[in-house]
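One predicted model, sequence on top.
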Amino acid sequence: MAEITPRLSIGQVAERTGLSVHALRFYENEDLFLTPVRRGAGGRRVYSEDDVAWLTVCIILRASDMPVPVLRRYAALVREGAGNEEERLALMREHEARVTGRIGRLTESLDLIRFKAAVYEDIVDQGSAAAHDCHGPSTAAEGEEGSPERRREVLAE
């Protein structure tokens with residue numbers, strides 16, 4: 001007996017993945033699917049559960065800022081099948097390095113934002129207008145991790 005593959009409409013896939021119908025068409029036009037998108041009797045796009053699973057991978061990689069050309073290359077490698085795992089690994093390691101660098105920069109930004117918020121909390125809590133200079137250190141690593149004592153020093157500067 002042949003296995004019946006559920007056929008999902010573009011609207012159903014959009015709902016399940018959070019992608020817009022326009023984005024799904026974009027993914028298709030950019031050759032990001034592993035298999036060509038099939039068409040139903042009326043010429044409408046139909047998708048399988050495998051398509052949805054692959055789209056989930058694509059969504060996560062795009063959320064990590066993987067460029068579309070790199071994602072396209074990755075999809076092409078997966079389509080080729082076994083034998084190119086070294087190239088897939090290199091692609092993932094390069095992207096991992098980009099993401100790690102971005103996380104580092106975001107962590108520095110978050111440290112500064114937290115420091116600034118703590119300074120303003122102290123100002124608000126004290127009812128003070130002594131906010132003439134609340135620029136403080138560029139990262140929380142400087143000073144004492146944004147302790148209240150350090151924040152008061154910054155306010156006094």
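Looks like it arrived, so ask away.

C-alpha only now, for contacts and for neighbours.
Fine.

Please determine how far the spatially most central residue of the chain is located from Leu19.
Note on the chain: the residue nearest the mean C-alpha position is Ala63, at 2.4 Å, using Cα atoms, centre = their mean. Applying Cα to Cα, to the nearest Å, the value for Ala63 to Leu19 is 12 Å.

Same question for Leu91.
In terms of Cα to Cα, Leu91 sits 25 Å off from Leu19.

So which of these two has more stuff around it?
Legend: neighbour count by other Cα atoms under 10 Å for Leu91 and Leu19, higher for Leu19 (18 against 15).

Does the longest helix seen in the chain pack against any helices or strands, and if so which?
For the chain, the helix that runs over the most residues, judged by DSSP state H, is helix 85-126. Counting contacts by 3 or more Cα pairs under 8 Å, 6 or more residues apart in numbering; DSSP states H and E, helix 85-126 is packed against helix 68-80, helix 148-156.

tell me, which of these is the model least confident about?
Mean pLDDT is lowest for helix 148-156 among the helices and strands packed on helix 85-126, at a mean of 57.

Spell out the secondary structure type for Leu34.
coil (DSSP: H, G, I helix; E, B strand; the rest coil).

since we're on Phe33, how many residues are nearby?
The tally of other residues near Phe33 (other Cα under 10 Å) stands at 22.

So it sits against Tyr27, correct?
Yes. Counting by Cα atoms under 8 Å, Phe33 touches Tyr27, with 6.9 Å between them.

what about the residue nearest to the centre of the chain, distance to Val57?
Distance from Ala63 to Val57, by Cα to Cα: 10 Å.

so who does Arg98 touch?
With contact set as Cα atoms under 8 Å, 6 or more residues apart in numbering, Arg98 has no partners.

ok, so what distance separates it from Met66?
Distance, Arg98 to Met66, by Cα to Cα: 9 Å.

Equivalent analysis for Val52, please.
According to Cα to Cα, Val52 and Met66 sit 19 Å apart.

Name the residues contacting each of Arg98 and Met66.
Any residue near both Arg98 and Met66 by Cα under 8 Å, 6+ apart counts here, and not one turns up.

where does the protein have low pLDDT?
1-6, 128-157 (pLDDT under 70).

Now do Glu28 against Ala76, distance only.
For Glu28, the distance to Ala76 - Cα to Cα - is 13 Å.

Now do the shared contacts for these two.
Counting by Cα under 8 Å, 6+ apart, Glu28 and Ala76 have no contacts in common.
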